[in-house]
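Visitor: here's a sequence, model it:
(4 chains)
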Protein chains: 2
Amino acid sequence: MLRISKLTDYGIVLLARFAAAPRDAQLSAREMAGATTLPLPVVSKMLKELASAGLLESLRGAKGGYRLVRTPDAITVAEIVLALEGPIALMECTVGPGHCEQEARCTVQEPWHRINRAVHDALARVTLADLARPAGGTALLGIQNAAARATPSHPNN
Amino acid sequence: MLRISKLTDYGIVLLARFAAAPRDAQLSAREMAGATTLPLPVVSKMLKELASAGLLESLRGAKGGYRLVRTPDAITVAEIVLALEGPIALMECTVGPGHCEQEARCTVQEPWHRINRAVHDALARVTLADLARPAGGTALLGIQNAAARATPSHPNN
DNA sequence: ATTTACGGTACTGATTTGGTCCGATATGGT
DNA sequence: ACCATATCGGACCAAATCAGTACCGTAAAT
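Guide: Below you'll find the predicted structure:
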């Protein structure tokens, strides 16, 4: 089905909530669980991962919680997926050499790299800020924004 | 890791071999297994699936085998993935309604559709003919081709 | 009739996913 | 000092999916 994992989806939804909250807002796992109706353990798990990936900053102790490290428009979906799922590679062998003993005579390799790049760019073109925007009237506008945004041609992954 | 399944990859490699063979060539599962060094049962399984998906045509009996139904340049990677993995939807809830009880108030929904479309288009822009082209000098040319190709804006999936 | 090959289905072992739980540590409040 | 509230960092587990195999039936060629 070519899908990202449910957990990654949760992570993105959580980040989107941070993005929608007032700037630099600090939110605890418990609050996020309440807001999303997701079970607390999973929320906690994902926030931990996002923190260790450097997308969130954690504040321990009572009154602790998490907070976005960067502004929502500076965080792309590609980054998030990379943080939670590893490199964006549609198939194993394109993440690096040594995954397939036939890679020398594989004709399919180069087109796959091209496809991977395209997918990556598609994900890199959407930021957390886009995800945080309320749905509805601005939907079409979102497309314009994405199309118009400068796309500084990412190297890969 | 955002990947397609290994089996799907096999399927694509097999199709690429058909595309590289002389036009309308007919190949048996055994031949394909030999050519790819993949185990016969796997090859057989995938060819069956590709046939029932309508991408290959099967010829039964002794001297039987498979054959491409369409010309390689008329078969896109998007189609193949669709046939083998189902709809191209990065997350469950974007394949259709009824997958998430929060879809009414989900702000993330529309951007995801946009992302899905972009991924789909990236896959639709590469054809079997592209995959069959020998690697090497024509690599960069491939990019040009893909960019120049008319892209009749697929509805979705 | 025999051989070759596809068609379909069911099965199994391995891996991944989705989710839980717990002990340790850090901080704020009383 | 003590306790309540958080995160931290694991281990852990059940369920689903994946990858691969096996088997039996049917169709065609010789």
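
Visitor: when you work out contacts or count neighbours from here on, use the C-alpha atoms and nothing else.
Guide: OK.

Visitor: contact residues of chain A facing DNA strand D?
Guide: A:1, A:27-30, A:44-45, A:47-48, A:51-52, A:58-66 (CA under 7 Å from any atom of the strand).

Visitor: looking at the residues you listed, which are in helices?
Guide: Within the residues of chain A next to DNA strand D, residues falling in helices by DSSP state H are A:29-30, A:44-45, A:47-48, A:51-52.

Visitor: re earlier: now the residues of chain A next to DNA strand D: which count as buried?
Guide: Buried by 16 or more other CA atoms under 10 Å in any protein chain shown: A:1, A:27-29, A:44, A:47-48, A:51, A:58, A:65-66, out of those.

Visitor: so which two of the residues you listed are the farthest from each other?
Guide: A:Met1 and A:Gly65 (35.0 Å; CA to CA).

Visitor: which helix or which strand is home to the residue nearest in space to the middle of chain A?
Guide: Geometric centre of chain A, nearest residue: A:Ile80, 2.3 Å, by CA atoms, centre = their mean. A:Ile80 belongs to helix A:77-85 when assigned by DSSP states H and E.

Visitor: for that helix, what is the average pLDDT?
Guide: Averaged across helix A:77-85, the pLDDT comes to 96.

Visitor: and it, what does it pack onto?
Guide: helix A:6-20, helix A:40-52, helix A:109-124 (3 or more CA pairs under 8 Å, 6 or more residues apart in numbering or on different chains; DSSP states H and E).

Visitor: can you list the residues of chain A near DNA strand C?
Guide: A:5-8, A:39-42, A:45, A:59-64.

Visitor: on that earlier part again, out of the ones in helices among the residues of chain A next to DNA strand D, what pair is the most spread apart?
Guide: Between any two of those (CA to CA), the greatest distance is 18.5 Å, for A:Arg30 and A:Ser52.

Visitor: so how many other residues sit close to the nearest residue to A:Glu92 once chain neighbours are set aside?
Guide: Sequence neighbours aside, A:His99 is the residue nearest to A:Glu92 in space, at 6.7 Å (criterion: CA to CA, 6 or more residues apart in numbering or on different chains). By other CA atoms under 10 Å in any protein chain shown, 12 other residues sit near A:His99.

Visitor: with A:Arg23 instead?
Guide: A:Arg23: 12 neighbours (other CA under 10 Å).

Visitor: and it, what does it touch?
Guide: Contacts for A:Arg23 (CA atoms under 8 Å, 6 or more residues apart in numbering or on different chains) come out as A:Thr71.

Visitor: measure it to A:Arg17 for me?
Guide: 11 Å (CA to CA, to the nearest Å).

Visitor: count the neighbours of the nearest residue to A:Ala124 once chain neighbours are set aside for me.
Guide: Closest residue to A:Ala124 apart from its sequence neighbours, by CA to CA, 6+ apart: A:Ala78 at 4.7 Å. By other CA under 10 Å, 20 other residues sit near A:Ala78.

Visitor: right, and A:Ala78 touches A:His120 too?
Guide: Yes: using CA atoms under 8 Å, A:Ala78 is in contact with A:His120, at 6.3 Å.

Visitor: which residues do these two both contact?
Guide: A:Ile88.

Visitor: before we move on, the earlier item: could you look up the SS state of the residue nearest to A:Glu92?
Guide: Going by DSSP: H, G, I helix; E, B strand; the rest coil, the secondary structure assigned to A:His99 is coil.

Visitor: surely it meets A:Met91?
Guide: No: here A:His99 lies out of contact with A:Met91, judged by CA under 8 Å, at a distance of 9.8 Å.

Visitor: A:Arg3 should be in a helix, yeah?
Guide: No: counting by three-state DSSP, A:Arg3 is not part of a helix but coil.

Visitor: how close does the nearest residue to it once chain neighbours are set aside sit to DNA strand D?
Guide: Closest residue in space to A:Arg3, ignoring its immediate chain neighbours: B:Leu90 at 3.9 Å, by CA to CA, 6+ apart. Distance check for B:Leu90 against DNA strand D: by CA to the nearest atom of the strand, to the nearest Å, it reads 12 Å.

Visitor: secondary structure element holding B:Leu90?
Guide: Per DSSP H and E, there is no helix or strand for B:Leu90.

Visitor: point me to the residue of chain A nearest DNA strand C.
Guide: Closest to DNA strand C within chain A is A:Gly61: 3.2 Å, counting by CA to the nearest atom of the strand.

Visitor: so what's A:Arg133 up against?
Guide: Applying CA under 8 Å, 6+ apart, the residues near A:Arg133 are A:20, B:107.

Visitor: now do A:Ala33
Guide: Applying CA under 8 Å, 6+ apart, the residues near A:Ala33 are A:39-40, A:43.
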